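Chemist: my questions concern the predicted model and sequence given below.
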Amino acid sequence: MKGTDETPAIKADGVTKSIKKKKILDGVSIYVPKGSIYVLAGPNGAGKTTTIRILVGLISRDSGKVEVLGVEPQSPEWDKVKSKIGYLPEDASPYERLSGWENLLFTALLYADGDRSKALNYVNKAIEISGLSRSDLSRRTSSYSKGMKRRLLLGQVLMHEPELVIMDEPTSGLDVFTAYRVKRLIKELARKGTTFLITTHDMKEAEELASRVGFIHEGRIVFEGEPGEALDMYNAETLEEAFVRAFSRDYRW
Amino acid sequence: MITDGRVRAIAWKEIKDLSRDYRTLISVVILPLIGLPGLALLTGALVSSQYVSIGIVVDDEKLYIGDGKALLEEVMSSIRSNVANLGIQAYMSIFENIDKARGVDILVFIPKGFYTNLTSIDRTARIVISTLVGSPASDLAVRGVESAFYSLSGKVIVNRIEELASMASIEVDPYGLLNPISIQKGFHAASGAPVSKFEASVAEAAKILEFSLFFVVNPTVVFISDSIVGERERKTIERLLVAPVLRRQILAGKMVAAGFLGLISAVADGIGIMVYFMLSGISFSLSSSIILVWLLAVIGLVFSTSAIVAIVASRSSTIRAAQNASFLIVMIALSIYFAALVVDLSKLPPSISFILQLIPFTHAALMIHNYALGRLIDAMLNGAILALSWLIFLYIAARAFRSESLIMVKT
């Protein structure tokens, strides 16, 4: 794990959010140090995606404080921070009527502010990350497999070398090889100083990646700390075991 | 810093994306461009291949001999020629009694005494024409039959006047006697200045141009709905909203692309509708200035419609829902532009006119209409209102285009 910085990449404190009068987040507080791989784990419907959407400025919060790279999402200064973030939603898809190359170029042009030579550098970087061949990239992405689409998206997310990468279930539904490739890439970039916030409900993946974990359940963070602390707190041998114990108050081994 | 390089990038992506939706392109561009003229050609071909059976029941024996026979042949020849001019083939038969003529499309009954009455100086020669009900071809062909008898009637009147003049030993011009008033038609502009026949024809063509505006609205609705709601349906919206691009830049890029493609569709569809009218036998003339005004109206309409549909699309859960909601917009536009074909929109009572003027679509039609009638100031005012309405709807669209409402729309 890369050494953490005292200025956090993400700091959220007491965040609440209700949608259609239903409380989705009930005082979520998370702390993501720079250079860490933070895994936000929780069962389906726990509030992981809503938390992430608030952090990337897609939706507003009802109360609480949030700072991402020192700036409050949706504030007037937020647009300056956007180019330092890479975001991969869980069910994201590329533009299927565009080729892989055109998808990369479009994202690159947005991040390069229309500067074509800078954009082409981003495209080359994305091609390297995705590992897709030139012939793959010349085809429309509607013909891609799920794994190829995910690799292409990963290239788009990382092409501009963001300081902070937020990914919702990055390996969900991927084959073993692609999932392995994604995890290896995350670890490699984290070693170089990139901060990651990843959601997952796969605790083996969390154990493999996390330098810091947060357990979220029914809109509340029930644990946050280093994986070792989770094992100690729940008297568990694995993170999976700690996770189960965190969410099963009456559970006895 | 966020600049317009991103608007260009979004417009580029949108044009590529939308133009590869071949089914939509075919339905909104190719079909009107080829389909409408094709429809006119098909209709023309079908009309010209129609035929009618005309049965002439001659109960007057004088029409079988001498001058009477020659008169009957002349009438039949005239009927055949008139009906052919209407694009219909006529199969004519002569029957001696009405029972044998059952089943024909048009029955002409010439009773006893017809020839005697016709050649007299002051009697009326009667005939009966009966047409098969529910037959468009017969309805059309019967005009040719009637015309042949009106023509014969005209000749008989001239003969009678000449005969009467001869009996009275006076000189009479039968045509002057029959037409004591001669009407010479002309045209003038709203300013009162005389207008040439060509200019009058251009003003008539303006109605067709106004009607063609309907075909501008539909593709714009399709493109902008797909462009906005399609992002959500195809799960690309979240990444776009998180990218370093302002919401108004996203909207601007999308509207530029939808507007560009809408404009191409509008021009293609406009050409299609004009060719349709030309092939349908409706003659009209166009000047370069009226085409320019039409193009300006089209541009204004494309962008106004884009902004209105963007508001609807931002609040719709699916492309289908957005297009269904936009159907109301299309229906309003259709009503206005169809009315423009048959009604002078600038000459309606104030209560109706006031309501229509609140709708931006009306000003696109009035812009062309007023220009064609020579009311330049009014046309410019209509153009300005259209542009202003675009800006107002654009502002509302920019407010409605919020990330939260886009990704968490009510379903």
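Modeler: Everything's here; your move.
Chemist: C-alpha only now, for contacts and for neighbours.
Modeler: Fine.
Chemist: give me the buried positions along the helix or strand in which residue B:159 is found.
Modeler: Using DSSP states H and E, residue B:159 sits in helix B:136-167. The neighbour-count check on helix B:136-167 (16 or more other Cα atoms under 10 Å in any protein chain shown) flags B:137-138, B:141-142, B:144-145, B:147-149, B:152, B:156-158, B:160-162 as buried.
Chemist: so the nearest residue to residue B:149 once chain neighbours are set aside is in which element?
Modeler: Distances taken as Cα to Cα, 6 or more residues apart in numbering or on different chains place residue B:75 nearest to residue B:149, at 7.2 Å, with adjacent residues excluded. Using DSSP H and E, residue B:75 sits within helix B:66-85.
Chemist: residues making contact with that helix?
Modeler: Helix B:66-85 has contacts (Cα atoms under 8 Å, 6 or more residues apart in numbering or on different chains) with B:62-63, B:89-90, B:92, B:115, B:141-145, B:147-149, B:152.
Chemist: can you give me the strands in chain B?
Modeler: B:51-58, B:89-95, B:106-110, B:128-131, B:187-188, B:194-195 (DSSP state E).
Chemist: OK, contacts around the residue of chain B found nearest chain A?
Modeler: Nearest residue of chain B to chain A: residue B:5, at 4.1 Å (Cα to the nearest Cα). Residue B:5 makes contact with A:109, A:110, A:113, A:114, A:115 under the criterion Cα under 8 Å, 6+ apart.
Chemist: please apply the same query to residue B:60.
Modeler: By Cα under 8 Å, 6+ apart, the neighbours of residue B:60 are B:110, B:111, B:112, B:113, B:114, B:115.
Chemist: please parse chain B into its domains.
Modeler: Under the assignment automatic domain parsing, the domains of chain B span B:7-40+B:196-407, B:51-181.
Chemist: which of these is buried the deepest?
Modeler: domain B:7-40+B:196-407 (a mean of 20; mean count of other Cα atoms under 10 Å in any protein chain shown).
Chemist: per-residue confidence averaged over that one?
Modeler: For domain B:7-40+B:196-407, the per-residue pLDDT values average out at 86.
Chemist: and the end-to-end length of it?
Modeler: Start and end residues of domain B:7-40+B:196-407 are separated by 21 Å (Cα to Cα, to the nearest Å).
Chemist: and what of stretch B:95-111?
Modeler: End to end - Cα to Cα - stretch B:95-111 spans 12 Å.
Chemist: for residue A:94, helix, strand, or coil?
Modeler: Here residue A:94 is coil, with the state taken from DSSP: H, G, I helix; E, B strand; the rest coil.
Chemist: does it really touch residue A:148, like I thought?
Modeler: No. Residue A:94 is not in contact with residue A:148 according to Cα atoms under 8 Å; the separation is 10.3 Å.
Chemist: what is the nearest of the buried residues of helix B:136-167 to residue B:305?
Modeler: residue B:137 (41.4 Å; Cα to Cα).
Chemist: look up how far residue B:83 lies from that closest one.
Modeler: Separation of residue B:137 from residue B:83 (Cα to Cα): 10 Å.
Chemist: and for residue B:201?
Modeler: 28 Å.
Chemist: next one: residue B:246
Modeler: Taken as Cα to Cα, the span from residue B:246 to residue B:83 is 67 Å.
Chemist: and whichever strand or helix holds residue A:185, what does it pack onto?
Modeler: Assigned by DSSP H and E, residue A:185 belongs to helix A:176-191. For helix A:176-191, the packing partners by 3 or more Cα pairs under 8 Å, 6 or more residues apart in numbering or on different chains; DSSP states H and E come out as helix A:146-158.
Chemist: which residue does the stretch 51-200 of chain A bring closest to chain B?
Modeler: For the stretch 51-200 of chain A, Cα to the nearest Cα, closest residue to chain B: residue A:114, 4.1 Å.
Chemist: test my guess that that residue contacts residue B:12.
Modeler: No. Between residue A:114 and residue B:12 there is no contact under Cα under 8 Å: 11.0 Å.
Chemist: quick one: residue A:218 and residue A:22 touch, right?
Modeler: No. With contact defined as Cα under 8 Å, residue A:218 does not reach residue A:22; the gap is 11.1 Å.
Chemist: so those two - more neighbours on which side?
Modeler: Set residue A:218 next to residue A:22 and count neighbours by other Cα atoms under 10 Å in any protein chain shown: residue A:218 wins out with 18 against 8.
Chemist: what count of nearby residues applies to the closest residue to the more buried one other than its chain neighbours?
Modeler: Once flanking residues are discounted, residue A:218 sits nearest to residue A:46: 4.7 Å by Cα to Cα, 6+ apart. For residue A:46, the count of nearby residues is 19 (other Cα under 10 Å).
Chemist: over to residue A:65?
Modeler: Applying other Cα under 10 Å, I find that residue A:65 has 17 neighbouring residues.
Chemist: that older thread, which ones among the contacts of residue B:5 are found in strands?
Modeler: Going by DSSP E, the strands hold none of those.
Chemist: mind checking which of those are in helices?
Modeler: Residues from the contacts of residue B:5 lying in helices, with DSSP state H as the criterion: A:109, A:110.
Chemist: now for the contacts of residue B:5, which pair is the farthest apart?
Modeler: A:110 and A:115 (8.9 Å).
Chemist: more neighbours: those two, which one.
Modeler: residue A:110 (24 against 14).
Chemist: thought that one was touching residue B:243?
Modeler: Yes. Counting by Cα under 8 Å, residue B:243 is a contact partner of residue A:110 at 7.0 Å.
Chemist: could you report the pLDDT at residue B:3?
Modeler: Reported pLDDT for residue B:3: 53.
Chemist: contacts only, for residue A:101.
Modeler: Here residue A:101 is in contact with A:123, A:137, A:138 (Cα under 8 Å, 6+ apart).
Chemist: drop anything exposed from the residues you listed.
Modeler: Here, 16+ other Cα under 10 Å leaves A:123, A:137 buried among the contacts of residue A:101.
Chemist: now the residue of the stretch 51-200 of chain A closest to chain B, what are its backbone angles?
Modeler: As for residue A:114, its main-chain torsions (degrees, to the nearest 10) stand at phi 80, psi 0.
Chemist: residue B:370 against residue B:383, yeah?
Modeler: No. Using Cα under 8 Å, residue B:370 is not in contact with residue B:383; the gap is 10.6 Å.
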